[in-house]
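Student: quick check, what structure comes out for this input:
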Amino acid sequence: MDSQQQFYGPGPGDGIPGYQPPALDRGNAMATAALVCGVLAILLFFTFTVFPAAVLGGISVLFAFLSRGKKPAMVGKARIGLALGTIALCANLIMSAFAMYKFFTDDAFYAQVDDAFRAMYGESISEFIEDMEDGRYDGPTGGGNSPILPGGGSI
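Tutor: Have a look, this model is predicted:
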């Protein structure tokens with residue numbers, strides 16, 4: 001009698017000749033993970049958080065392919081997770097490309113981003129880029145010991 005039987009009694013297949021316990025199907029768990037990550041990626045995309053949605057979309061695609069294992073086809077949950085993850089990744093790519101296009105071509109949009117950058121960091125985007133190119137960028141502390149807060153104050 002092993003220690004498990006001592007505390008829990010006989011198992012469901014004990015005493016049955018040739019009984020094999022069912023093998024764990026890790027593919028089903030991966031398919032569920034792909035579906036959950038795909039749904040979260042789509043939801044996060046619609047809340048305009050680009051990077052978490054892109055990461056979860058990529059993880060969803062990865063889990064969907066891993067859920068297949070050696071089987072010839074994916075289960076339904078994995079296919080849905082793959083579709084949602086792919087949609088989230090493509091939507092993120094399109095939104096990011098559109099934002100970059102607007103930033104470099106629309107002067108009003110550039111001015112809005114520049115104003116927000118100036119409010120957060122105390123300098124314009126062009127000044128920041130010049131400092132980075134010249135190697136004079138001294139970090140968010142502005143050379144002092146305490147970090148600069150949004151709006152220009154410090155701790």
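Student: and the strands in the chain?
Tutor: Applying DSSP state E to the chain gives no strands.
Student: what's the domain layout of it?
Tutor: Structural domains assigned to the chain are 26-103, 106-136, following automatic domain parsing.
Student: so which of the ones you listed is the most packed in?
Tutor: Highest mean neighbour count of the domains of the chain: domain 26-103, a mean of 18 (counted as mean count of other CB atoms under 10 Å). (C-beta placed from N, C-alpha, C; glycine too.)
Student: make CSV out of the domains of the chain and add mean pLDDT.
Tutor: Output for the domains of the chain, formatted as CSV (pLDDT from 0 to 100):
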stretch, mean pLDDT
domain 26-103, 89
domain 106-136, 86
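Student: in contact with the residue nearest the centre of the chain, which residues?
Tutor: Nearest to the geometric centre of the chain sits Val55, at 2.4 Å (CA atoms, centre = their mean). Under the criterion of CB atoms under 8 Å, 6 or more residues apart in numbering, Val55 has no contact partners.
Student: any idea how far Asp134 is from it?
Tutor: The gap separating Val55 from Asp134 is 33 Å, by CB to CB, to the nearest Å.
Student: cool, Ala41 as well?
Tutor: For Ala41, the distance to Asp134 - CB to CB - is 39 Å.
Student: likewise Met100?
Tutor: Using CB to CB, one obtains 24 Å as the distance from Met100 to Asp134.
Student: how far off centre is the lengthiest helix in the chain?
Tutor: When the chain is parsed with DSSP state H, its longest helix is helix 76-105. Here the centre of helix 76-105 is set off from its chain's centre by 12 Å, with CA atoms, centre = their mean, to the nearest Å.
Student: now swap in stretch 107-121 and tell me
Tutor: The chain centre lies 27 Å from the centre of stretch 107-121; the measure is CA atoms, centre = their mean.
Student: report the contact partners of the nearest residue to Ile80 once chain neighbours are set aside.
Tutor: Of all residues not flanking Ile80 in the chain, Leu35 sits nearest, at 5.6 Å (CB to CB, 6 or more residues apart in numbering). Going by CB under 8 Å, 6+ apart, Leu35 touches Ser60, Lys77, Ala78, Ile80, Gly81, Leu84.
Student: alright, I will stop here.
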